[in-house]
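**Q** Sequence plus predicted model, see below.
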Amino acid sequence: MSKAACGGWSMGLAVAVLAAAWSSQGFAERPAANPVEASSHLSVVSTTTGERTQQLMVLDPQLRVLSVYHVDLGTGEIVLKSVRNIRWDLQMTEFNAQTPLPREIRSLVEQR
């Protein structure tokens, strides 16, 4: 099997596994069904990070949780790298912002 075919296969497997893991029922309790349909609210972004690694970012907009996985394209091994609840992140008005800050722009607009 070529490297590209193996990478595509592992990517498809990774998405199916991640979608099933995020569903409301565990693997053993779940009836035979398409796991992606059960969790269709998930967003998955895939990027290649080097020659042998693919990164999957999985966003659950309902729970506001972002997870990052690395998939070894040679072996298909999936490693969870990070999980973060972004609920509070999304409520910040500025972070690492540069001038003009959002509050400064708002103040200027409100003066009109």
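**A** Okay, I see it.
**Q** tell me which strands and helices the helix or strand that contains Ile105 is in contact with?
**A** Using DSSP states H and E, Ile105 falls within helix 102-110. With contacts defined as 3 or more CB pairs under 8 Å, 6 or more residues apart in numbering; DSSP states H and E, helix 102-110 has no helix or strand neighbours. No exception for glycine: its C-beta is placed from N, CA and C like everyone else's.
**Q** can you pull out the helices in the protein?
**A** Listed in chain order, the helices of the chain (DSSP state H) span 3-22, 35-38, 102-110.
**Q** from memory Val83 sits against Ser67, does it?
**A** Yes. Val83 sits in contact with Ser67 when judged by CB atoms under 8 Å, with a separation of 4.8 Å.
**Q** right, and His41 touches Val58 too?
**A** No. Applying CB under 8 Å, one finds His41 not in contact with Val58, separated by 11.1 Å.
**Q** These two: which has the busier surroundings?
**A** When His41 is set against Val58 and neighbours are counted by other CB atoms under 10 Å, the residue ahead is Val58, at 23 against 12.
**Q** Surely that one is in contact with Leu42?
**A** Yes. Between Val58 and Leu42 there is a contact under CB under 8 Å: 5.9 Å.
**Q** Which residues outside stretch 95-112 are in contact with it?
**A** Applying CB atoms under 8 Å, 6 or more residues apart in numbering, the external contacts of stretch 95-112 come out as Asp89, Thr93, Glu94.
**Q** Show me which residues of stretch 98-112 are buried.
**A** Across stretch 98-112, burial judged by 16 or more other CB atoms under 10 Å covers no residue at all.
**Q** show me where pLDDT drops low in this protein?
**A** 1-40 (pLDDT under 70).
**Q** Appreciated, that's everything.
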